[in-house]
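[1] This is a predicted model, with the sequence first.
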Amino acid sequence: MPRLPHSLLLKAYNISPLLPLVLQGTRSLPSAVNELRWLREHVLRTNKLTPTTQKELLRLCKRRSYGEPLQYLLGSQPFGELDIKCRPGVLIARPEPEAYTTYLAKLLNKGLKGNLGFEFNEEKPLRILDLCSGTGCISLLLHSLLVKKFPGLQIHGWDISPNAVSLAVENLSRNISKGHLKIQSSQRPAPIQFDQVDIFSRFNRGQKKQLQCDIIICNPPYISQKGFMQDTSRSVQRWEPRLALVPEVKVEGYDGVKAEDVFYRRLIDIHRRLARSKVLIMEVGGDAQALRVAEMALENGLPSRRDTVEIWRDWPELRNGLEGNGRVLVGGSVVAVKGMGNMRAVVVKSFDYVWSKAGAGQASR
């Protein structure tokens, strides 16, 4: 990593003697100014400026100079209207999942059939499965945005990490106590549940029951070994869990699938053959991976189902000329692309065929 110019460090020092420390972590003066302000506000939240709080602020600035993420220092990260607790060992909630989660909720609230292609049976609860759920941010945000329209909403979050599951449960309680989530402790079944599950394992009876859902959403590990070393920041490499970023599983029968794409093959299998869910939303790491995953989703469909695939960019609601809504050719099929920014999520919508006596099939929505 290149050294910061002395002139930039001097400019930072003239603003505040603590700023050069933060600058070593951010590598950007405007970002450092903002982060120092947030750190100062965090330290002074309950105390006045005293020698003790000054020492605490200095300690946090030194930790930031080593690249420790700001969210771990502050202890939380906003996610929509929620306050998501963060700690080392669990991936930090980021803006991109917030954007596609919010967009999904907007489509659901506007009406299922016109936006996601299936009808909702109001006699049954809307069921969502959040795989690789981490801090629980996606599950909790979906509940906060959907519960008014879908009062029987049921969301299950699965993660392989016990640390992540524990933190997700804490975030559930935290946001209930702050009034961000309207959940009564007496509600049965619990509208949000988090469990430790390895999605590559054999599912038990209870897990198979949770798999019977309408929507699966997942932010899986999707960075290659090389990409982790070359393309991620020092902060990510040193402080965030590699388990949540780099797939390190080998699965029989997945020959020809890139190591960084192995989770997508499993997710598509779960969606198509085990859960038979109606919608699958998978975060991806950029355009090249999005096109590979879209092609994977278009392959080997079931005769009894019709699948359509679309791609959402970083900001799926926005449009701006050629970068807005468009289409791309994937494996001979035309795939819709929504929004602005990098390709960020591959969305698979599946419909069961209903066969008439005459033998003609129609897609059931």
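    Structure received.
[2] Show the contacting residues for Leu211.
    The contact partners of Leu211, taken as CB atoms under 8 Å, 6 or more residues apart in numbering, are Leu129, Phe203, Ile270, Leu274, Ala275. C-beta here means a position set from N, CA and C on the backbone, and glycine is covered the same way.
[3] and those, which of them are in strands?
    Using DSSP state E, Leu129 are the members of these that sit in strands.
[4] okay, among the contacts of Leu211, which ones form the most distant pair?
    Leu129 and Phe203 (11.5 Å; CB to CB).
[5] Check the gap between the nearest residue to Trp312 once chain neighbours are set aside and Gln289 for me.
    Among residues not flanking Trp312 along the chain, Ala345 sits closest, at 4.3 Å (CB to CB, 6 or more residues apart in numbering). Plainly put, Ala345 is 11 Å away from Gln289 if you go by CB to CB, to the nearest Å.
[6] who's more crowded, the two?
    The neighbour count for Ala345 versus Gln289, taken as other CB atoms under 10 Å, is higher for Ala345 (28 against 22).
[7] Pairing partners for that one in the sheet, please.
    On the basis of DSSP bridges, Ala345 is bridged to Glu283, Trp312.
[8] Just the pLDDT for it.
    At Ala345, the model reports a pLDDT of 98.
[9] give the contact list for it.
    Tyr100, Ile281, Met282, Glu283, Val284, Ala290, Ile311, Trp312, Pro316.
[10] By neighbours, which of those wins?
    That'd be Met282 among those, by other CB under 10 Å, with 28 neighbours.
[11] so it touches Asp261, yeah?
    No: assessed by CB atoms under 8 Å, Met282 is found out of contact with Asp261, at 10.3 Å.
[12] just for the stretch 251-365 of the chain, where's the confidence low?
    Across the stretch 251-365 of the chain, the stretches falling below the confidence threshold (pLDDT under 70) are 303-304, 320-325, 353-365.
[13] Can you get me the start-to-end distance on stretch 280-300?
    Criterion CA to CA, to the nearest Å; first-to-last residue distance in stretch 280-300 is 16 Å.
[14] in it, what counts as buried?
    By neighbour count, and taking 16 or more other CB atoms under 10 Å as the criterion, the buried residues in stretch 280-300 are 280-285, 289-298.
[15] Out of those, which two sit at the greatest distance?
    Using CB to CB, the two most remote members of the buried residues of stretch 280-300 are Gly285 and Leu298, lying 19.2 Å apart.
[16] Can you dump the C-alpha atoms of stretch 162-169 in CSV for me?
    Extracted as CSV, the C-alpha positions of stretch 162-169 are listed here (Å, rounded to 0.1, in the frame of the first residue of the first chain):
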residue,chain,number,x,y,z
PRO,A,162,-22.6,-19.5,15.4
ASN,A,163,-21.2,-16.0,15.9
ALA,A,164,-23.4,-14.7,13.1
VAL,A,165,-26.5,-16.5,14.5
SER,A,166,-25.9,-15.1,18.0
LEU,A,167,-25.4,-11.6,16.7
ALA,A,168,-28.6,-11.8,14.5
VAL,A,169,-30.6,-12.8,17.6
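[17] For that stretch, give me every contacting residue.
    85, 87, 89-91, 133-136, 139, 157, 159, 194-196, 244.
[18] ok, the buried residues of stretch 280-300 vs Ala32, which is closest?
    Gly285 (27.3 Å).
[19] ok, now which ones touch the closest residue to that closest one other than its chain neighbours?
    Excluding its sequence neighbours, the residue lying closest to Gly285 (CB to CB, 6+ apart) is Tyr222, at 4.8 Å. By CB under 8 Å, 6+ apart, the contact list for Tyr222 reads Leu245, Pro247, Glu260, Asp261, Phe263, Tyr264, Glu283, Val284, Gly285, Gln289.
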